[in-house]
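*Asks:* Sharing a model prediction with you, sequence too.
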Amino acid sequence: KNEVEQSPQNLTAQEGEFITINCSYSVGISALHWLQQHPGGGIVSLFMLSSGKKKHGRLIATINIQEKHSSLHITASHPRDSAVYICAVRSWETSGSRLTFGEGTQLTVNP
Amino acid sequence: KAGVTQTPRYLIKTRGQQVTLSCSPISGHRSVSWYQQTPGQGLQFLFEYFSETQRNKGNFPGRFSGRQFSNSRSEMNVSTLELGDSALYLCATTDGGPYGYTFGSGTRLTVV
């Protein structure tokens, strides 16, 4: 079993819909990251969380440390949100900056 | 401020050759991590350098190596290339602060 599990693997939505992507992990973490990857490969860091909730524009990320679970929400989705969303964790068991990644969620938002 | 710069963007090499990839971090970012991304294995950690020292290493063969210079720029080297080394190689840098990591655009390596 992977240390980081994401669901769903693929998600298709209509423009304007509310979207949720889930991430579960099995190790103790010092931080959880949500990343966005567009075709062509570039990765953008969306959020870094160690507790609670963060909001940036139409994006909201939450984390429940006790349940080892995080969610990424997109409100009023738009076709430009189409990308792969990746959850990554930094385990407190390893020193330094080493991330373990989920397999990613391919999001397609249709106009 | 300038982002993380990876060079080259694309590379085609023949089996058995060796390759060197470069990553220049954002000013002030002393930690540079390298990742390999393939369709089958996803993103996997290669190694991390901090202050010219390797701080972490992933589960890759010794053909994969790296180093970091005093200006924090990092290089990774892959010797005796195999077809399976074809991948997108990404570096991520951080200053350890609250903004997490900044990723480069990657180097897409094709081994033929």
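*Replies:* Right, received. Where do you want to start?
*Asks:* mind listing what residue B:100 touches?
*Replies:* By C-beta atoms under 8 Å, 6 or more residues apart in numbering or on different chains, the contact list for residue B:100 reads A:31, A:33, A:45, A:47, A:48, B:94. Using the backbone N, CA and C atoms, a C-beta is placed for each residue, glycine as well.
*Asks:* List just the nearest of the residues you listed to residue A:110.
*Replies:* For the contacts of residue B:100, the residue nearest residue A:110 by C-beta to C-beta is residue A:47; the value is 25.1 Å.
*Asks:* picking up where we left off before, name only those of the contacts of residue B:100 that count as buried.
*Replies:* A:31, A:33, A:45, A:47, A:48, B:94 (16 or more other C-beta atoms under 10 Å in any protein chain shown).
*Asks:* From the centroid of chain B, which residue is nearest?
*Replies:* residue B:34 (3.5 Å; C-alpha atoms, centre = their mean).
*Asks:* Spatially nearest residue to the residue located most distally from the centre of chain B (excluding sequence neighbours)?
*Replies:* Relative to the mean C-alpha coordinate of chain B, counting by C-alpha atoms, centre = their mean, the farthest residue is residue B:98 (22.3 Å). Using C-beta to C-beta, 6 or more residues apart in numbering or on different chains and skipping residues adjacent in sequence, the residue nearest residue B:98 is residue A:48, 6.8 Å away.
*Asks:* how far away is the one you found from residue B:83?
*Replies:* 36 Å (C-beta to C-beta, to the nearest Å).
*Asks:* Residue A:30 and residue A:50 touch, don't they?
*Replies:* Yes. The pair residue A:30 and residue A:50 passes the contact test of C-beta atoms under 8 Å, sitting 6.7 Å apart.
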